[in-house]
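Asks: fold the following and give me the result.
(chains A and B)
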Amino acid sequence: MNPLLDQFITEGRDILQTIGERLLQLEDTPDDSALMGELFRLVHTLKGNSGLFDLPEMTRVLHAAEDLMDAVRDGRRPFDRPVADRLLEAMDFVLALIDEIGDSAEAAPPNTARHANDALELANALRGLLAAAQATTPTATETEPAATPAPSPAPAAMPLEALPSRIQQELTQRLEAGEPLCWLTYEPEEECFFKGEDPFHQILQLGEPCWRRVSSREDWPPLAELDAYRCILRFEAILNTPAEALHEHFRYIPEQVRIIPLQPPAPTSASSSEPPPDAETTWSFNVVLEAQREILGLTDNPPWLSGRLRAVATTLEAAFASIGQVVERDALEQALHSADASHSSQPLLNWLDEQQRRGDTQLPTAASPPGAPAEDIAPPPEAQEPQEPIKFGRRAEDRLAGHTLKVDQAKVDRLMNLIGEMVVTKNALPYLANRAEEVFGTRELAREIKAQYGIINRIAEEMQDAIMQIRMMPVSFVLQRFPRLVRDTARKLGKEVRLVMEGESTEADKNIIEALADPLVHIVRNSLDHGLESPAERSAAGKPTEGRLTISARQESDRVVIEISDDGRGIDPDRIRRKAYERGLIGEPELERLTDQEAINLVFAAGFSTAEQVSDLSGRGVGMDVVRNAIACVNGAVELHSQLGQGTRLRLSLPLSMAVTNVMIIESAGQRFGVPMDRVAETVRVARNDIRTIKRRLTTVLRGRLVPLVTLNDLLALTIEQVPNDDDEFAVLVVRIGADHLGIIVDDCRETVDIILKPLGGVLAGLGGYAGSALLGDGSVLLVLNPRELL
Amino acid sequence: MALEFKKVTAVVSEQMTVEDAEILLDWLIKHPRGRINLSACTHLHAANLQVLMAARPRISAWPRHAPLAAWIKAALTP
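Replies: Numbers count the residues shown, from 1 in each chain, chains lettered A, B, ... in the order given. As a prediction, this is how the structure comes out:
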């Protein structure tokens, strides 16, 4: 299901609930105009939203409700019980539709054409109240106003007899062969041409009919007086198309068509000679039905469920046929289908209930003979009592809870913290296992503890995953504002820009997504302002005048990668060097020494701006350093690549979630420290002989590359020598600092663990060099280093 | 322009739009014995159909497009 529809359903349910509450409040205080105003706005919003989707039935009812409320708001109609009743009914109907849409698993809203008739009736009923109000004086509406639906232009019943006998014969044959023939009368409204409709086109779309007639609703006037644009046509046809398909075809104009499914004429001898079911048949029928009910009631879910359902459906059809009750095969087929799809027997049970309810009214007088005229089975809407309120409320009352929970974020965060604790606590089990083996010497127990640990570990990880899912949000949450932002900014700058967004459905933790919002705006503005050229510049450079800005998001293992690239002028490393030198960010020697890539990375330096003048968009020197810091705050990384004249590409890489951190435990000076795993490139052993001193700095060569080395004890200002192992090799932890690698000599590298990183608080908060602390499974505190700040 | 007027015959090209209905009506009023050649027509807007039904001109050629021809014949020959 697409996110827009999802949102519509969630919002729709909320709005409907509020509407319901307001309606009830309004019944107590009918003169509260503020309340009425709010109610009107709610209905208006819902109607507007429904218009976004292909849901004409919902829109129709809401539109009528809106009209009625408008009249009430303006005092043209008092708010009384009938009005409230009708409105509540209408809202129940809308809720039922929303539920149906919500239940469907498809991406597009399911077809609700089936409800077209109900929608039409409801709308007419609502309009009827309005008409009644206009007819009577406001004081006289104490009595129940006559809710007369607008009489539909109903021609006389099917004049099948009027058809030529040859066609009648053919129709009978085809009906007996089981073809779903329908009689269609289509009278386009007079102004339809002005609405851009082409009734003839609609008719031609239906395919070849069995019989057709085109006539006029009035006599044709002399040509000179003819108004070509007042439609008075009437189309009639008998089509070999199921009624639902026709309703679907005309779903936008249900009031202009009449669709009557044709039934085969009663076989004259058969129906009269068939005896009503006797007691014995009825008894066995009931036994069969009970048995099927029992089968459907089974709650197990065997692999042969689909076959079982099919068998039940066939049995039921046969059983009903045995007592001469006509079964609507379509409905049964549909119930079977949905049962099959949902792997439950509920739809079939529902169908059975429905059938029996109907049967209860029919059976006493024996079954109705097969081949009853269509009207007997499915009375057309006109036949219904106009005063009879249409009930859609049952479903609305049945379902108490919606499908979506709105939960305070704090509650989810608490869950998150708890599972974090759980993940850490479970890490105590391996320690316990070791103690059991080493201290108490019970290897058996140690093994059992490890086995239990395996299970707890699995459950905890799954639980963590589930809770993370709750907090996951699609990147589109921050991306959705960009089309507008890019358009407006580009217009202001006189540039032509096409924004391409990819992978908006990529998900990441809510905090990460929210942390992305501001940096992304900065980056996009930078691209628009500095990156992309004006159309004239672009065509001079041989590029299309329209610039292209691409924002793509994707997931790479446990990180979200967001790339913002443009095909603009790119970054000129020389210009950056010059600017950086002018601003005193680099000295003279660096001016010569910096590589192009290093120069480009200077844009991340604080206080850097290349724009010659400060615009209201960017250029105040608050920019890329803020971006980098904001991303670093959520453990993200930024990479910038640029090709002069070709464009710029910024790559943001962020963790999917930040609740649990994976750290490597290292030892130095007899203490244990943690280093975040995403900083660790590798761990190696380097022999003392391989460590060279260049200009008083330790270095070593790793795979043909020079890697500077530092000792952790130096960094921590400890005066203890690092301890090599028995082969006189040092443990070196190679970490990434930006794009560079640095080797940190430690005493030993240990295992990696999942921990919850808690920032240092209180007096310790000012200590640099530490990312935070965590509690280990054995109860000790682990300090987690932040290599970047240590240096 | 979907209509090409010869001496006594209006030749309809592929599609007759809603605007053509007025032109057709004017021409039929001026040429009460005018004939219509629909052979190339693949669709005509309902407004045109209405004009044809009211005027009942002679059709010199029915549309080659069979479904359309069937409907127009049904409309013009009750």
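Asks: show me which residues of chain B are close to chain A?
Replies: Counting by C-beta under 8 Å from any C-beta of the partner chain, the residues of chain B close to chain A are B:18, B:21-22, B:24-25, B:28-29, B:32, B:43-47, B:49-51, B:53-55, B:67-68, B:70-71, B:74-75, B:78. All C-beta atoms are positioned from the backbone trio N, CA, C, and that covers glycine.
Asks: go again with 6 Å.
Replies: Within reach of chain A by C-beta under 6 Å from any C-beta of the partner chain, chain B has these residues: B:18, B:21-22, B:25, B:29, B:45-47, B:49-51, B:54-55, B:74-75.
Asks: can you list the buried residues in the helix ranked longest in chain A?
Replies: Selection of the longest helix in chain A by residue count, based on DSSP state H, yields helix A:443-471. Neighbour-count burial for helix A:443-471, counted by 16 or more other C-beta atoms under 10 Å in any protein chain shown, picks out A:Ala446, A:Ile449, A:Lys450, A:Tyr453, A:Asn457, A:Ala460, A:Gln464, A:Ile467, A:Met468, A:Arg471.
Asks: now for the residues you listed: which two are most distant?
Replies: Pairwise distances across those peak at 36.5 Å for A:Ala446 and A:Arg471 (criterion: C-beta to C-beta).
Asks: low-confidence stretches in chain B?
Replies: For chain B, applying pLDDT under 70 flags the ranges B:1-2, B:78.
Asks: tell me where it has strands.
Replies: Applying DSSP state E to chain B gives strands spanning B:3-5, B:9-12, B:15-16, B:35-37, B:43-44, B:58-61.
Asks: which residues touch the fourth one?
Replies: Contacts of strand B:35-37 from elsewhere in the structure, counted by C-beta atoms under 6 Å, 6 or more residues apart in numbering or on different chains, are B:Val8, B:Thr9, B:Ala10, B:Val11, B:Pro57, B:Arg58, B:Ile59, B:Ser60, B:Ala61.
Asks: all helices of chain B, in order?
Replies: Taking DSSP H to define them, one finds helices in chain B at B:20-30, B:46-55, B:66-76.
Asks: tell me which of the ones you listed sits most buried.
Replies: Each of the helices of chain B was scored by mean neighbour count; the highest is helix B:46-55, a mean of 24, by mean count of other C-beta atoms under 10 Å in any protein chain shown.
Asks: what's in contact with that helix?
Replies: A:193, A:198-200, A:220, A:223, A:226, A:228-229, A:233, B:16, B:18, B:21, B:24-25, B:28, B:75.
Asks: low-confidence ranges, the stretch 201-350 of chain A, go.
Replies: A:264-281, A:299-302, A:322-329.
Asks: let me know the secondary structure of the residue in it positioned nearest to chain B.
Replies: Closest to chain B within the stretch 201-350 of chain A is A:Val214: 3.6 Å, counting by C-beta to the nearest C-beta. For A:Val214, the secondary structure call by DSSP: H, G, I helix; E, B strand; the rest coil comes out as strand.
Asks: can you tell me how far the closest residue to it other than its chain neighbours sits from A:Glu218?
Replies: The shortest distance from A:Val214 to any non-neighbouring residue, by C-beta to C-beta, 6 or more residues apart in numbering or on different chains, is to B:Ala75 (3.6 Å). Using C-beta to C-beta, to the nearest Å, B:Ala75 is found at 15 Å from A:Glu218.
Asks: check A:Gly779 too.
Replies: For A:Gly779, the distance to A:Glu218 (C-beta to C-beta) stands at 94 Å.
Asks: try A:Arg13
Replies: Applying C-beta to C-beta, the value for A:Arg13 to A:Glu218 is 47 Å.
Asks: need the distance between the two termini of stretch B:55-75.
Replies: Criterion C-alpha to C-alpha, to the nearest Å; first-to-last residue distance in stretch B:55-75 is 12 Å.
Asks: just how off-centre is it within its chain?
Replies: Its chain's C-alpha centre and that of stretch B:55-75 lie 8 Å apart, by C-alpha atoms, centre = their mean, to the nearest Å.
Asks: check which helices and strands the strand or helix carrying A:Arg498 sits against.
Replies: In the assignment (DSSP states H and E), A:Arg498 maps to strand A:497-502. Applying 3 or more C-beta pairs under 6 Å, 6 or more residues apart in numbering or on different chains; DSSP states H and E, we find strand A:497-502 packed against helix A:482-493, strand A:547-556.
Asks: for the longest one, which positions count as buried?
Replies: Just to be clear, that refers to helix A:482-493. Neighbour counts over helix A:482-493 (16+ other C-beta under 10 Å) mark A:Phe482, A:Val486, A:Thr489, A:Ala490, A:Leu493 as buried.
Asks: show me what from chain A comes close to chain B.
Replies: For chain A, the residues in contact with chain B (C-beta under 6 Å from any C-beta) are A:193, A:198-200, A:212, A:214, A:220, A:223-224, A:226, A:228-229, A:233.
Asks: and the residues you listed, which two are the farthest apart?
Replies: A:Arg212 and A:Ala224 (29.6 Å).
Asks: with neighbour numbers in mind, choose between these two.
Replies: Under the criterion of other C-beta atoms under 10 Å in any protein chain shown, the comparison of A:Arg212 against A:Ala224 puts A:Arg212 first, with 19 against 7.
Asks: so that one bridges to which residues?
Replies: A:Ala237 (DSSP bridges).
Asks: so how far is chain B from A:Arg76?
Replies: Remark: distance between A:Arg76 and chain B (C-beta to the nearest C-beta, to the nearest Å) = 36 Å.
Asks: typo on my end, it should be A:Gly102
Replies: 39 Å.
Asks: which strand or helix spans that residue?
Replies: helix A:81-103.
Asks: who are the packing partners of that helix?
Replies: For helix A:81-103, the packing partners by 3+ C-beta pairs under 6 Å, 6+ apart come out as helix A:3-28, helix A:56-73, helix A:116-135, helix A:393-398.
Asks: what comes up buried for that helix?
Replies: Under the neighbour-count criterion of 16+ other C-beta under 10 Å, helix A:81-103 has A:82-102 buried.
Asks: stretch A:686-699 now?
Replies: Buried residues in stretch A:686-699, counted by 16+ other C-beta under 10 Å: A:Val686, A:Ile691, A:Leu698, A:Thr699.
Asks: and it, end to end?
Replies: Terminal residues of stretch A:686-699 lie 11 Å apart, using C-alpha to C-alpha.
Asks: same question for stretch A:224-240.
Replies: For stretch A:224-240, the end-to-end distance is 39 Å (C-alpha to C-alpha).
Asks: in JSON lines, list the buried residues of helix A:443-471 along with pLDDT.
Replies: Converted to JSON lines, the buried residues of helix A:443-471 look like this (pLDDT from 0 to 100):
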{"residue": "A:Ala446", "pLDDT": "90"}
{"residue": "A:Ile449", "pLDDT": "90"}
{"residue": "A:Lys450", "pLDDT": "91"}
{"residue": "A:Tyr453", "pLDDT": "91"}
{"residue": "A:Asn457", "pLDDT": "90"}
{"residue": "A:Ala460", "pLDDT": "89"}
{"residue": "A:Gln464", "pLDDT": "83"}
{"residue": "A:Ile467", "pLDDT": "85"}
{"residue": "A:Met468", "pLDDT": "80"}
{"residue": "A:Arg471", "pLDDT": "82"}
